[in-house]
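Chemist: Following is a predicted model, sequence given first.
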Amino acid sequence: MGAVWGMFGESLLLLFAGFCLVIVIFYLHHSTSKTFLVHLERVREELTEKGSSSGFDLEELKEELLDMVHDTIGNMSPPTAIDHLLGALSGPLQMWAMRKAGIDPATGQAIQQVLPVVSEMLEPEP
């Protein structure tokens, strides 16, 4: 009977601990949510106060951002032949630089770490 009660007691203890953990998590989530909502309300009040007192205009900010985006897009030009040539050369140049630095371009690992693994793979099985 002692072995059965021991298992039952341990199960009850684990169940009680799990229940307490759920209650603590619920309490922490609830308090964090309330704190977040309080901070959100304060920020909303500050923005409302600044908007009415300092003349902060959201539409003006939006127009300035749109003008900036339109200027940036307007200054873009299609790629030239040099851009395409440099793009084609960038891959081989990057692989050369990685090998020069001791890095395997295929895996991104140091070549010294890759060599033992490759040699093990290439050795014939006895």
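Modeler: That came in fine, so what should we check first?

Chemist: measure the residue most central in space within the chain to residue 101 for me?
Modeler: Residue closest to the average C-alpha location in the chain (Cα atoms, centre = their mean): residue 108, at 20.8 Å. As judged by Cβ to Cβ, to the nearest Å, residue 108 and residue 101 stand 11 Å apart. Using the backbone N, CA and C atoms, a C-beta is placed for each residue, glycine as well.

Chemist: And residue 19, by the same measure?
Modeler: From residue 19 over to residue 101 the distance is 56 Å, taken as Cβ to Cβ.

Chemist: next one: residue 27
Modeler: Between residue 27 and residue 101 the distance, using Cβ to Cβ, works out to 53 Å.

Chemist: now swap in residue 23 and tell me
Modeler: With distances defined as Cβ to Cβ, the gap from residue 23 to residue 101 amounts to 55 Å.

Chemist: Grab the longest helix from this structure for me.
Modeler: In the chain, assigned by DSSP state H, the helix with the most residues is helix 2-53.

Chemist: ok but the residue nearest to the centre of the chain is inside a strand, no?
Modeler: No: counting by DSSP: H, G, I helix; E, B strand; the rest coil, residue 108 falls outside a strand, being coil.

Chemist: Distance of residue 43 relative to residue 57?
Modeler: For residue 43, the distance to residue 57 (Cβ to Cβ) stands at 18 Å.

Chemist: follow-up on the earlier one: now the element after the longest helix of the chain, going C-ward?
Modeler: Going down the chain from helix 2-53, the next helix or strand is helix 58-74, by DSSP states H and E.

Chemist: Quick one: mean pLDDT for that next one?
Modeler: Per-residue pLDDT values across helix 58-74 average out to 89.

Chemist: helices or strands next to that helix in the packing?
Modeler: Counting by 3 or more Cβ pairs under 8 Å, 6 or more residues apart in numbering; DSSP states H and E, no packing neighbours are recorded for helix 58-74 among the helices and strands.

Chemist: That's all I had, so thanks and see you.
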